[in-house]
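Enquirer: take a look and give me a structure for this.
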Amino acid sequence: MPEATDKHDAAELGEERLLDRFLHPLRTIAAIRRDHYRSSKYRLFFMVGTLAGIPLLGVVMIGLFWLHGILEEDFNNQLKWQLDITESSIEFFLQERISGLRYLVSVYSFNQLSNQGSLSGIFQKRQKEFSELVDLGVIDSRGIQLAYAGPYDLKGKDYSQQEWFHETKVRGIYVSDVFTGYRKIPHFSIAIRQDIPGSANFWIIRATINMDTLNRFVSRVKLKENDDAFIINEEGVLQTPSRFHGRFLEKLDLKVPLPQQSAGHISYDDSRVGQITLGYTRIKNSPWILTAMIKPTAYWRIVDILRKDILAVYLIGILVLIGIMMNYRMVNNWVDRIKQLDQEREQAISETEHSAKLALIGRLAAGIAHEINNPLAIINEKAGLMQDVLNYSKESNPCKEKFLPLISVIADSVNRCRTITHRLLGFARRMDIHIESIDINELLKEVVGFLEREIMYRNIKLEFNFNEHLRPIESDRGLLQQVFLNIANNAIDAVDDGGTIEIATVSSETYALAVHIRDNGRGISKEVMKHIFEPFYTTKEKGKGTGLGLSLSYGIIQRLGGTIEVDSVRDKGTTFTIKLPYKAELKGGAL
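Expert: Numbering: from 1, shown residues only. Model prediction:
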């Protein structure tokens with residue numbers, strides 16, 4: 001017998017090791033996935049943030065370039081507007097002076113204008129109207145100045161070799177570059193050629209204007225500390241002084257494009273003043289080009305400020321987006337759903353492991369029960385034989401009266417052990433569903449029999465209030481036994497020593513009967529009540545409960561067509577109510 005028991009135990013141990021070997025990879029995978037929950041959430045946040053941040057960055061960059069272009073265009077338009085205004089003023093001034101000379105030619109004859117006294121009188125009148133007028137002269141076709149009115153002695157001067165004389169001779173009207181001439185003072189001249197009717201000869205009336213007039217017009221361009229404005233001719237010679245690029249009549253050290261239209265601009269880096277924009281425009285009816293060099297300090301400052309502000313707004317937007325994502329239900333729900341699925345899989349693994357262990361325990365209990373039944377049968381048989389020998393012995397035996405009560409005690413103990421082993425066998429066989437007729441009152445007494453030793457040890461008062469008129473129901477004995485045993489055991493754990501447990505059976509209106517298991521223990525809080533039927537949820541100390549008892553009981557009762565309810569008051573007690581139908585509609589199979 002001991003050898004058979006050892007083999008049985010070894011077989012059971014082999015099955016358990018095989019089960020552990022099967023479940024170990026699943027538990028390892030579940031543990032690894034738990035470690036990846038947080039990293040998965042971060043990866044989701046990063047992915048969503050990247051997908052949302054890239055378009056946002058694109059919008060910000062497009063907006064920045066667009067704003068940069070608008071500001072640059074506005075700055076260039078402002079520069080062009082200032083140049084256009086100054087150019088118009090200079091052109092109007094030149095046109096007015098040309099018109100004035102034409103008026104003199106139309107009002108006065110050549111003889112009057114070539115007369116020194118007459119020309120001086122005319123000059124004095126004109127100078128009162130135009131203070132910038134320096135002198136006035138009449139030159140014949142040979143280039144000799146016939147008459148001169150002004151502060152210098154220039155009558156009789158020969159201008160035949162001067163450029164302005166030849167240009168006037170060819171063009172008819174000529175505005176000269178700024179030059180010093182005989183007086184060594186910078187000025188420019190306006191000359192008009194007048195043909196003599198009936199002759200190939202001509203004469204020229206010429207007015208000289210001080211260069212300060214051009215300076216006055218250039219100064220109207222709004223300049224800042226590092227800005228510059230000046231007039232140059234087509235050879236790049238300064239007609240007015242420059243702040244940074246030379247004095248008048250010096251060669252400009254910058255290359256300015258010759259404008260083919262009214263205005264233009266270029267941008268480049270200057271070694272002295274940094275980033276600048278050079279605007280230029282040609283002055284009509286003159287050899288001059290009005291030029292302005294503006295350092296767009298305010299413009300670049302605005303761009304820098306806006307760039308920083310937009311970058312700050314973008315970063316704030318990213319942070320807000322990340323914050324929203326961190327609290328965004330959808331992302332959390334994704335990760336929580338993955339976590340829930342993993343937890344359900346872990347629960348399934350744990351339930352499978354627990355069920356397999358219960359099955360092993362059931363087989364072990366059945367094996368032990370069979371092994372115990374054999375020596376119990378021998379003990380019972382020998383005790384009966386001894387009782388028969390003593391009872392039917394013809395010889396007087398002085399020990400008969402002493403041994404018969406002892407043999408009776410042995411028989412009662414054997415019967416008690418047989419009852420326990422029968423219960424173990426019955427419990428082990430209940431792995432498969434089997435419908436049979438059950439007296440619920442007797443079943444409850446049988447269940448309490450498993451617990452009576454602890455009940456007596458802890459001095460717990462057990463009360464039975466059975467309805468003796470209940471008719472039997474058709475259900476699974478082992479499954480009901482498991483449910484009642486689990487709830488009764490929980491009631492024992494809930495009460496203190498000397499507490500009270502009541503088990504009652506009553507008829508039910510909607511079901512065949514109802515079983516009430518009440519205790520006066522510590523009760524269950526409302527928060528815990530919400531979860532007591534959930535798998536693996538337990539309020540017991542670690543190692544004292546698996547959290548599967550009530551969950552399995554709930555599933556069993558539902559499978560049998562009944563209901564299980566709980567009512568509890570904190571520090572007053574708990575009542576479990578199990579309602580069962582007359583017949584459980586089951587078609588066999590394992591639970």
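Enquirer: from here on, just use CA atoms for contacts and neighbour counts.
Expert: Will do.
Enquirer: so where's the stretch 51-200 of the chain uncertain?
Expert: 51-60, 63-72, 74-75, 182-183 (pLDDT under 70).
Enquirer: for the stretch 301-450 of the chain, same thing?
Expert: For the stretch 301-450 of the chain (pLDDT under 70), the answer is 301-310, 314, 317-318, 320-332, 334-335, 348-367, 370, 394-398, 419-420, 422-433.
Enquirer: for it, what spans make up the helices?
Expert: 329-392, 400-429, 440-457 (DSSP state H, counting those that start in this stretch).
Enquirer: could you do the chain as well?
Expert: Per DSSP state H, the chain carries helices over the ranges 2-107, 110-114, 116-129, 163-171, 212-218, 297-327, 329-392, 400-429, 440-457, 477-494, 526-529, 549-559.
Enquirer: and the third one, which residues are buried?
Expert: I take that to be helix 116-129. 116, 119-120, 122-124, 126 (16 or more other CA atoms under 10 Å).
Enquirer: let's have the residues you listed in TSV, adding distance to Leu104.
Expert: Formatted as TSV, the buried residues of helix 116-129 follow (distance: CA to CA, whole Å):
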residue	distance to Leu104
Gln116	15
Leu119	10
Ser120	13
Ile122	9
Phe123	10
Gln124	13
Arg126	10
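Enquirer: would you map out the domains in this protein?
Expert: 108-210, 430-591 (automatic domain parsing).
Enquirer: distance to Asn77 for these - can I get that in JSON lines?
Expert: Shown next, in JSON lines, are these (distance: least, CA to CA, whole Å):
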{"stretch": "domain 108-210", "distance to Asn77": "29"}
{"stretch": "domain 430-591", "distance to Asn77": "74"}
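Enquirer: tell me the one of the buried residues of helix 116-129 nearest Arg282?
Expert: Arg126 (28.5 Å; CA to CA).
Enquirer: what's across from the closest residue to that closest one other than its chain neighbours in the sheet?
Expert: Closest residue to Arg126 apart from its sequence neighbours, by CA to CA, 6 or more residues apart in numbering: Leu133 at 7.9 Å. Bridge pairing for Leu133 (DSSP bridges) gives the partners Ile209.
Enquirer: what count of nearby residues applies to Leu133?
Expert: 20 (other CA atoms under 10 Å).
Enquirer: so it makes contact with Gln127?
Expert: Yes: in this structure, Leu133 is within contact of Gln127 by CA atoms under 8 Å, at 5.8 Å.
Enquirer: and Gln127, how far from Ile196?
Expert: 27 Å (CA to CA, to the nearest Å).
Enquirer: same check on Ile62?
Expert: Taking CA to CA, one finds Ile62 at 68 Å from Ile196.
Enquirer: over to Cys399?
Expert: With CA to CA as the criterion, Cys399 and Ile196 are 184 Å apart.
Enquirer: with Asn467 instead?
Expert: Where Ile196 is concerned, Asn467 sits at a distance of 151 Å (CA to CA).
Enquirer: more neighbours: those two, which one.
Expert: Asn467 (14 against 11).
Enquirer: how many neighbouring residues does Lys224 have?
Expert: 11.
Enquirer: before we move on, what about the one 4 residues further on?
Expert: For Asp228, the count of nearby residues is 22 (other CA under 10 Å).
Enquirer: and the nearest residue to it once chain neighbours are set aside, how far from Gly100?
Expert: Of all residues not flanking Asp228 in the chain, Met293 sits nearest, at 5.0 Å (CA to CA, 6+ apart). Distance, Met293 to Gly100, by CA to CA: 33 Å.
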